[in-house]
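> Sequence plus predicted model, see below.
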Amino acid sequence: MNIIQRSLHCLLVVAVLGVLPITHPLRAAETEAVVTSARKSPDWLKSAVAYEIFPRNFSQAGDFNAITARLDELKDLGVDILWLMPIHPTGQKLKKGTVGSPYCVRDFYGVNPDYGTPAGFKRLVQQAHARGMKVILDIVTGHTAWDNALITEHPEFYQKNASGQIIPPNPAWTDVAGLNYTNQALRSYMIDVMKYWVKDFGVDGFRCDVAYTVPTDFWEAARAELDKVNPQLVILADAGAKPALLSKAFDMDYSWHLSFTLNQVMGSVSPA
């Protein structure tokens, strides 16, 4: 069993055990009375296999070219969607660890030079498409790195305390600065970021990190704008099965409650 086979085996085990179950909107909407309808997602998505890739750890080279070189293996394993963790430059100011978190974004329009070039990323997307696979990007909309240029160029985009100091969205998330979605210019900026990656690079959608920290009406507005560019996009919410998000904005969500329950049962902590 090669490295990719072992990785996919782990992915499938995770899906079966419920560590990372995904909820389809038509099912999630039935669980909450306030949601009366859900957007129609493509039928193929119900059985699609998504493969998450952390470019830095996927190969010894840790770059886009190494992923492109193994697309045939991924295709043979039955992968339909490549989900790339954030590919942007990583913030260094107040970073955690020696490298920092990929979810600590220094430039939403940039590509991490450790991963390669914009041209290399575009080639990865094109080659995936040539094999019938889709590529979705991890997008971080709730916060930025402390050395993101927006901090100095648009301080009004950020959450602030009573003293006017920019603060993290969560006290424990000390490596990031929280964004303030009461600011309409910020909303337009983030929608433009998403449209850029769809238009200029041909990505097929997004996995939206901690989507529940951003107002639902932002996601609905973003989806409406993105549908004008490509109505076939696949958008996954990292939100823990929030039916309101699945009504108009997202195609899928994680079902963290199911995950917890199944893990309790599989770990013999709770009865089946």
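Great, that's in hand. Residues are numbered from 1 along each chain as shown.
> Ala211 contacts Phe250, correct?
Yes: in this structure, Ala211 is within contact of Phe250 by C-beta atoms under 8 Å, at 7.3 Å. Every C-beta, even on glycine, is put in place using the N, C-alpha and C of the backbone.
> who touches both of the two?
Contact criterion C-beta atoms under 8 Å, 6 or more residues apart in numbering; residues shared by Ala211 and Phe250: Trp219, Ala237, Ala239.
> among these, which are in strands?
Ala237 (DSSP state E).
> out of the shared contacts of Ala211 and Phe250, which are buried?
Among those, those classed as buried by 16 or more other C-beta atoms under 10 Å are Trp219, Ala237, Ala239.
> would you list the residues you listed in a markdown table and tack on pLDDT?
Below are these laid out as a markdown table (pLDDT from 0 to 100):
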| residue | pLDDT |
| --- | --- |
| Trp219 | 98 |
| Ala237 | 95 |
| Ala239 | 89 |
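> Looking at those residues, spot the one nearest Ala130.
Ala130 lies nearest to Ala237 out of these, by C-beta to C-beta, at 28.6 Å.
> Tell me how far that closest one lies from Ala211.
4 Å (C-beta to C-beta, to the nearest Å).
> so where do the helices sit in the stretch 151-272 of the chain?
184-201, 216-229, 243-248, 256-266 (DSSP state H, counting those that start in this stretch).
> for the first one, the distance to its chain's centre please.
Right, the one you point to is helix 184-201. 15 Å (C-alpha atoms, centre = their mean, to the nearest Å).
> Mind checking the pLDDT average for that helix?
The average pLDDT within helix 184-201 is 98.
> Tell me the buried residues in it?
Buried, per 16+ other C-beta under 10 Å, within helix 184-201: Leu186, Arg187, Met190, Ile191, Val193, Met194, Lys195, Trp197, Val198, Phe201.
> And the last one, by the same measure?
Neighbour counts over helix 256-266 (16+ other C-beta under 10 Å) mark Trp256, Ser259, Leu262 as buried.
> Compare Ala211 and Phe250 (neighbour count), which wins?
A count of neighbours by other C-beta atoms under 10 Å puts Phe250 above the other of Ala211 and Phe250, at 30 against 26.
> just checking, the more buried one touches Ala237?
Yes: counting by C-beta under 8 Å, Phe250 touches Ala237, with 4.3 Å between them.
> Need the overlap of contacts for these two.
By C-beta under 8 Å, 6+ apart, the residues touching both Phe250 and Ala237 are Cys208, Ala211, Trp219.
> Could you verify my assumption that Ser59 touches Ile67?
Yes: in this structure, Ser59 is within contact of Ile67 by C-beta under 8 Å, at 7.2 Å.
> Neighbour count for these two, which is higher?
Here Ser59 and Ile67 are compared on neighbour count by other C-beta under 10 Å; more neighbours surround Ile67, at 25 against 16.
> The more buried one: helix or strand, and which one exactly?
Ile67 belongs to helix 64-68 when elements are defined using DSSP states H and E.
> Report the contact partners of the closest residue to Phe206 other than its chain neighbours.
Spatially, and ignoring its direct neighbours in sequence, Phe206 is nearest to Ile139 (4.5 Å; C-beta to C-beta, 6 or more residues apart in numbering). By C-beta under 8 Å, 6+ apart, the residues touching Ile139 are Pro86, Val193, Met194, Trp197, Phe206, Arg207, Cys208, Asp209.
> Redo those as JSON lines? Include distance to Ala172.
Shown next, in JSON lines, are the contacts of Ile139 (distance: C-beta to C-beta, whole Å):
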{"residue": "Pro86", "distance to Ala172": "19"}
{"residue": "Val193", "distance to Ala172": "25"}
{"residue": "Met194", "distance to Ala172": "27"}
{"residue": "Trp197", "distance to Ala172": "29"}
{"residue": "Phe206", "distance to Ala172": "25"}
{"residue": "Arg207", "distance to Ala172": "22"}
{"residue": "Cys208", "distance to Ala172": "20"}
{"residue": "Asp209", "distance to Ala172": "15"}
